[in-house]
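give the three-dimensional model of this entry:
(one chain, ligands or ions: 2)
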Amino acid sequence: MSETSKASEKPDELAAVYESAGVRRAPAAALLVEIRQLHKSFLHMGRELHVLTGINLDIGAAEIVAIVGKSGAGKSTLLHCIGTLDLPSSGSIRLAGQELTGLPSAKLADIRNRTIGFVFQFHHLLPEFSALENVMMPGLIQGRKRSEMTVLARNLLEEVGLGERETHRPGELSGGEQQRGALAGALGLKPKIILADEPTGNLDTGTSEAIHQLFFEVNRRHGTTFIVVTHNVAFARSMPRVVTMSDGKILSDERLEKKPAASEDDDENEDNPAPASAADQA
Ligand SMILES: Nc1ncnc2c1ncn2[C@@H]1O[C@H](COP(=O)(O)OP(=O)(O)OP(=O)(O)O)[C@@H](O)[C@H]1O
Ligand SMILES: [Mg+2]
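Ligands and ions are numbered 1, 2, ... in the order given. Coordinates of the predicted model:
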């Protein structure tokens, strides 16, 4: 598609600026998210609060990236801007080669539905529907056939280990199971990217670890890009790339040597033939 190829054709006149600012770049053809000079301010009680103060960040297709930093650093705000849930004050965000800033809200909603899955700390499962119906819902809203979505949702619930819980409503699932359900729901429309904000923030260590491994597995199997905001140091350190934010800026952007255990298997990548982990590209 011409939209996706734009990213690789774009002259890279700012490369030197990024390099001097310590911003690491993935190969141009594989870029999924390109953020340039992103600023976000909130007007609060007549005072302007400058929350993102010039973010430059590139994330390649099939990367799995942790975003860490102190409370109030701007992590969720950045995630919301990437996810088209909030509008930046200035700067540019390109997703799969398409500029998001300036698009009308209907177009943003369409891109969001087609490209992005969300897994947030306080899961967004609809309480009155079963796990199966929750996973089917985004597809049904998009006009997909019920029969098609039933099969897909069953497979996804099976994949996240919830095959036995498809008739349970969210209130009849444990916290960890709800997060698995949220991940299955986020995967329902085969998004290019999953944005997760403290996805295991309210779970015990063992359950968190199991969900973390699930993220790596989905990344490896489907080539889904993950951007995960987390306060969990062990989880962040198990990721191939860790971006640290402070006061609305990127303080460091490290690619770690260590690969996650799950990506060392040589299973085939089902949906995306591209390398499944940033460690493979680094
Ligand atoms: N709608 C808003 N109006 C005014 N200020 C806001 C708004 N949303 C966020 N902020 C402020 O912006 C700053 C960054 O918030 P953000 O939620 O991005 O932080 P965070 O890094 O995700 O923190 P945490 O780790 O605690 O979740 C905070 O100081 C917060 O108070
Ligand atoms: Mg936050």
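
buried ones in stretch 32-44?
For stretch 32-44, a neighbour-count test (16 or more other Cβ atoms under 10 Å) marks 32-36, 38-41 as buried. Using the backbone N, CA and C atoms, a C-beta is placed for each residue, glycine as well.

for that stretch, the distance to its chain's centre please.
When distances are taken as Cα atoms, centre = their mean, to the nearest Å, stretch 32-44 is centred 16 Å away from the chain's centroid.

would that stretch count as contacting ligand 1?
Yes - with Cβ under 6 Å from any ligand atom as the measure, stretch 32-44 is seen reaching ligand 1 through 42, 44.

ok so, going back, what's the farthest-apart pair in the buried residues of stretch 32-44?
Leu32 and Ser41 (26.2 Å; Cβ to Cβ).

circling back to that earlier point, which of the buried residues of stretch 32-44 lies closest to Pro138?
Nearest to Pro138 among the buried residues of stretch 32-44 is Leu32, at 20.1 Å by Cβ to Cβ.

with secondary structure and pLDDT added, can I get the buried residues of stretch 32-44 in TSV?
TSV is the format used below for the buried residues of stretch 32-44 (DSSP: H, G, I helix; E, B strand; the rest coil; pLDDT from 0 to 100):
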residue	secondary structure	pLDDT
Leu32	strand	96
Val33	strand	97
Glu34	strand	97
Ile35	strand	98
Arg36	strand	97
Leu38	strand	98
His39	strand	98
Lys40	strand	98
Ser41	strand	97
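
for Gln178, give its distance to Val135.
12 Å (Cβ to Cβ, to the nearest Å).

with Thr200 instead?
19 Å.

one more: Ser89?
35 Å.

same question for Arg144.
Distance from Arg144 to Val135, by Cβ to Cβ: 12 Å.

which of the two has more residues huddled nearby?
Each of Arg144 and Val135 has its neighbours counted (other Cβ atoms under 10 Å); Val135 has more, 30 against 15.

next structured bit after the lengthiest helix in the chain?
Identified as the longest helix of the chain according to DSSP state H is helix 205-222. Using DSSP states H and E, the helix or strand that follows helix 205-222 towards the C-terminus is strand 225-229.

which neighbouring elements make contact with that following strand?
strand 31-44, strand 47-60, strand 64-69, helix 75-82, strand 193-197, helix 205-222 (3 or more Cβ pairs under 8 Å, 6 or more residues apart in numbering; DSSP states H and E).

the same query, at a cut-off of 7 Å, please.
Using 3 or more Cβ pairs under 7 Å, 6 or more residues apart in numbering; DSSP states H and E, the elements in contact with strand 225-229 are strand 64-69, helix 75-82, strand 193-197, helix 205-222.

off-centre distance for the longest one?
Put plainly, it is helix 205-222. Worked out by Cα atoms, centre = their mean, helix 205-222 lies 13 Å from the chain centre.

same thing with the second one?
On the basis of Cα atoms, centre = their mean, the separation between the geometric centre of helix 75-82 and that of its chain is 10 Å.

mind checking the pLDDT average for it?
The average pLDDT for helix 75-82 rounds to 96.

count the residues that sit near Lys145.
Lys145: 10 neighbours (other Cβ under 10 Å).

so where do the helices sit in the protein?
2-9, 15-20, 75-82, 105-115, 131-141, 146-159, 175-187, 205-222, 233-237, 278-281.

ligand 1: which of those helices is closest?
With Cβ to the nearest ligand atom, the closest approach to ligand 1 among those belongs to helix 75-82: 3.2 Å.

report whether that closest one contacts ligand 1.
Yes - using Cβ under 6 Å from any ligand atom, helix 75-82 reaches ligand 1 at 75-77.

between the residues you listed, identify the one with the most neighbours.
Lys75 (24 neighbours).

how far away is Arg36 from Ile55?
8 Å.

go on, Arg169?
For Arg169 relative to Ile55 (Cβ to Cβ), the value is 39 Å.
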